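# take a look and give me a structure for this.
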Amino acid sequence: MSEASEPVRRKTSGWKIALRIMVPIFLLLALAGGMVFGYVILGKQDIGEAFKWSTWKHVFDLVFAP
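Numbers count the residues shown, from 1 in each chain. Next up is the predicted model:
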């Protein structure tokens, strides 16, 4: 009788756990890849500048300037 009163516990699928970990990783890789593609290949700039904070501060200032 005690077994019937216990709540049913579902097992979490390994795929669900893998997706919750892999989706953010893939999103970050896509962000970095797009940033490098746009800045280095299309913009013909040095890859080192693509990862500098001052570059992105300048872009932010350009986009949100009054």
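# W56 sits in which helix or strand?
Counting by DSSP states H and E, the element that carries W56 is helix 53-63.
# got the phi and psi for the most centrally placed residue in the chain?
The residue lying closest to the centre of the chain (C-alpha atoms, centre = their mean) is L28, at 2.8 Å. Per-residue torsions, L28: phi -70, psi -40 (degrees, to the nearest 10).
# what's the answer for F51, then?
Per degrees, to the nearest 10, the backbone of F51 is at phi -110, psi 10.
# could you do V8 as well?
phi -80, psi 130.
# before we move on, what about G43?
According to degrees, to the nearest 10, G43 has phi -90, psi -10.
# count the neighbours of it for me.
11 (other C-beta atoms under 10 Å). No exception for glycine: its C-beta is placed from N, CA and C like everyone else's.
# what confidence value was assigned to it?
Model confidence at G43, given as pLDDT, is 90.
# what is the helix holding W56 packed up against?
In terms of contacts (3 or more C-beta pairs under 8 Å, 6 or more residues apart in numbering; DSSP states H and E), helix 53-63 is packed against no helix or strand at all.
# and I47, how far from L27?
21 Å (C-beta to C-beta, to the nearest Å).
# one more: V63?
V63 is 21 Å from L27, by C-beta to C-beta.
# neighbour-wise, which of the two wins?
When V63 and L27 are compared for neighbours, L27 comes out ahead with 10 against 7, by other C-beta under 10 Å.
# how about D46, what does it touch?
V40 (C-beta atoms under 8 Å, 6 or more residues apart in numbering).
# output the contacting helices and strands for the strand or helix carrying I25.
Element membership of I25, judged by DSSP H and E, is helix 14-36. Judged by 3+ C-beta pairs under 8 Å, 6+ apart, helix 14-36 is in contact with helix 47-50.
# list the buried ones in the helix it packs on?
Buried residues in helix 47-50, counted by 16 or more other C-beta atoms under 10 Å: A50.
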